[in-house]
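Novice: How does the following fold in three dimensions:
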Amino acid sequence: MNQGWYAILVRTGSEPIAAQLLTYRGYDVFLPQYRTRVRLSDRVKVRDSALFPGYLFCRVCTDVLGPILSTPSVISIVGFGRVPTPVDDWEIESLRTALSRQECLPWPFVREGQAVEIRSGALAGVRGLILRIKGHYKLVLSIKLLQRSVAIEVGSETVTPV
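Specialist: Down below sits the predicted model:
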């Protein structure tokens, strides 16, 4: 039984519902979220939003991908052509570790930059790309299959090239 993480395309805005339904069906689901402020006419409301709008991740065996597609709000399993493609385990684990220790924000997908690994502190072992923006170093974590990224501020002294 070969298990892997797969990116699931869902209707935008229905990520929490789809995650709940998949969890209820017994799947291991990961829905990365961040806090955002929404301005209403009379107040500002804080809410959780999907870090990758329209996507969530599900850990399943390759031979049981079909039942996922029958879940309400699920559109498809991301892949190349009609072949579902797993997301690298280290990408999911790096994102989970980072989210458990620090706020992440959506970030444009980057292809260029130095690949690094955090060598000390709460994010030790997390790998990503390092960028310098307005005098601050950002560690960019990417999910290549989705071509989406998130950024976390880090100290340059905590990183080492991969």
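Novice: which regions of the chain sit below the pLDDT cut-off?
Specialist: Applying pLDDT under 70 to the chain picks out residues 1, 108-112.
Novice: Break it into its domains for me.
Specialist: 3-87, 89-161 (automatic domain parsing).
Novice: how far is the shortest one from where the chain is centred?
Specialist: Using Cα atoms, centre = their mean, to the nearest Å, the distance from the centre of domain 89-161 to the centre of the chain it belongs to is 11 Å.
Novice: Which of the three states applies to Leu145?
Specialist: coil (DSSP: H, G, I helix; E, B strand; the rest coil).
Novice: Wait, it touches Leu9, no?
Specialist: No. Between Leu145 and Leu9 there is no contact under Cβ atoms under 8 Å: 10.9 Å. C-beta: built from backbone N, CA, C; applies to glycine.
Novice: Neighbour count: the two, which is higher?
Specialist: Leu145 (19 against 16; other Cβ atoms under 10 Å).
Novice: wait, what's in contact with the more buried one?
Specialist: Listed by Cβ atoms under 8 Å, 6 or more residues apart in numbering, the contact partners of Leu145 are 7, 78-79, 85, 87.
Novice: and the residue nearest the centre of the chain, what does it touch?
Specialist: The chain has Pro32 as the residue nearest its centroid, 5.3 Å off, counting by Cα atoms, centre = their mean. Contact partners of Pro32, counting by Cβ under 8 Å, 6+ apart, are 50-52, 57, 95-96, 99, 104, 150.
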